[in-house]
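Trainee: prediction below, plus the sequence it came from.
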Amino acid sequence: MRDKMIPAFAKAEGGLFSSVEKADVGSSYQEMEKQGITLMGWADPFMPDFSMPECVEKALIDAVKRAEAPHYTAPIGNPMLKELIARKLERQNGLKVDPQRNILITPGSDSGLYFSILPFIYPGDEVLIPSPSYPNNYLNVEIMGGKVIPVLLKEENGFQFVKKDFEDCITKRTKAVVLTHPNNPTATVFNRSSLEILREIVVEHDLVLICDQAFEDFCYGNEMITPAAMPDMFDRTVTVFSFSKGMGLSGLRVAYIVCSDIVMDTMFANGVSVLGATNTACQYAVAAALENPSFMKEFEAAFDERRHRAYEIINSIPNVSMGLPEAGFLSWVNVSRLGSSSELAAYLVKEAKVSVNDGINYGPGGEGHLRIVLGVYKDTARVVEALESIRRALVKWQE
């Protein structure tokens, strides 16, 4: 049957029949944990420990008891939740939107991201992706018949944008830009100058911007600008937001899309068939998190400590380096002077008993790097010990 699939779909491997570890998920990870391996490749806050805030847990239990719990909610989302999201968007993102006309609730941000790209890509269309980037961005475009055009982010520029790099990639077939902001895997918050470059490119060439802001919540003093809030950008931008990274609610599978009325009208019409309704009870749980977000301060404090500890430990390793993560709980480690990232990722599993992500999974610019997720486990001491194990292993590698 695989030979009957479209090539872009058939070439993807989930690790079901091998030990290949993908960017975020894979059955092999559960097996690794049973073997005593520390998992630092799963971008899920405090995974695998229980971390649901009490207010969310109570709201979820109460919601399950509602008469509507086993039934479909409105395919476009719970109106009460959308009202809360609209307030958050105005407060945090500088976006004033109509909750019933500009917001679509989706069953997770991965499906939301796919659905946001889908309306715009004809076979042969070219899509610019600042790279390295989230692996699904490449896969989504290719499955739709589009052609990925990487715009390489350079480490010497702090992974910020250079206008000429975009201009050199523009052709008559260029249709859109898919951006992860803050970036996954580099943990870069694109600054005002970079986003102005992006705005100029999008407006001058009449492009569509699909922006994934899953890691927006923790930026540690770095200015987080939402591209859709910039001049002339709201009508050109579809933004995908998540409750998974900042609130640690990835298992509830609730996210949302924000865009103009004209685009949203078609999304409402097609979302029923493509996405279906998001879990009814989980929408109430997420609403409780939005009403009581104080627990996020504890998350941020833990991740802030971990990024500084990682910066200190990793940069003490000869011939290895990383920048201080600007957002979220990811670290992007340059190991190019030691060998291939695939070889080193496999070595760390065996020698350090720590599983990390091979940078090659993140597209051009990924080779020679490892993505280490600092947000795993509730116990920061366990994360620090895993980082020390990585340090010892990489020192030993060079002996």
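Mentor: All right, it came through fine. Residues are numbered from 1 along each chain as shown.

Trainee: what about Met233, neighbour count?
Mentor: Met233 has 19 neighbouring residues, counting by other C-beta atoms under 10 Å. Every residue, glycine included, has its C-beta placed from N, CA and C.

Trainee: and it, what does it touch?
Mentor: 199, 202-203, 209, 227 (C-beta atoms under 8 Å, 6 or more residues apart in numbering).

Trainee: which intervals of the chain have sub-threshold pLDDT?
Mentor: Applying pLDDT under 70 to the chain flags the ranges 2-5, 8-30.

Trainee: what ranges do the strands span in it?
Mentor: Secondary structure of the chain by DSSP state E: the strands cover 38-39, 103-106, 126-131, 147-152, 174-180, 208-212, 237-242, 255-258, 321-322, 330-334, 354-355, 357-358, 369-373.

Trainee: now the fifth one and strand 208-212, what's the angle there?
Mentor: Computed with axes from the mean of the first three to the mean of the last three C-alpha atoms, to 10 degrees, the direction of strand 174-180 lies at 20 degrees from that of strand 208-212.

Trainee: picking that back up, farthest-separated two in the contacts of Met233?
Mentor: Val203 and Pro227 (11.3 Å; C-beta to C-beta).

Trainee: so for these two, which sits in the more crowded spot?
Mentor: Regarding Val203 and Pro227, a neighbour count based on other C-beta under 10 Å identifies Pro227 as having more, with 23 against 15.

Trainee: how many residues are close by the closest residue to Glu200 other than its chain neighbours?
Mentor: In space, and not counting its chain neighbours, Glu200 is closest to Lys163: 7.1 Å by C-beta to C-beta, 6 or more residues apart in numbering. Using other C-beta under 10 Å, Lys163 has 14 neighbouring residues.

Trainee: residue closest to the middle of the protein?
Mentor: Ala214 (4.9 Å; C-alpha atoms, centre = their mean).

Trainee: got a list of what that one touches?
Mentor: 109, 180, 184, 240-242, 244-245.

Trainee: residues in contact with the closest residue in space to Glu83 that isn't next to it in sequence?
Mentor: Closest residue to Glu83 apart from its sequence neighbours, by C-beta to C-beta, 6+ apart: Pro99 at 5.0 Å. Taking C-beta under 8 Å, 6+ apart as the criterion, Pro99 is in contact with 79, 82-83, 85-86.

Trainee: same thing but at 10 Å, please
Mentor: Applying C-beta atoms under 10 Å, 6 or more residues apart in numbering to Pro99 gives the contacts 77, 79-87, 89, 258.

Trainee: Asn183 now?
Mentor: Counting by C-beta under 10 Å, 6+ apart, Asn183 has contacts 130-134, 153, 159-160, 189-190, 212, 215, 326-328, 330, 332, 362.

Trainee: now the helices: where do they sit in the stretch 151-300 of the chain?
Mentor: Taking DSSP state H, counting those that start in this stretch as the criterion, the stretch 151-300 of the chain contains helices spanning 163-167, 192-204, 261-274, 280-291, 295-314.

Trainee: now, of those helices, which is deepest in the fold?
Mentor: Using mean count of other C-beta atoms under 10 Å, the stretch among the helices of the stretch 151-300 of the chain with the largest mean neighbour count is helix 280-291, at a mean of 21.

Trainee: now for that one, which elements pack on it?
Mentor: helix 54-64, helix 79-88, strand 103-106 (3 or more C-beta pairs under 10 Å, 6 or more residues apart in numbering; DSSP states H and E).

Trainee: tell me which of these sits most buried.
Mentor: For those, the largest average neighbour count (mean count of other C-beta under 10 Å) is found in strand 103-106, namely a mean of 26.
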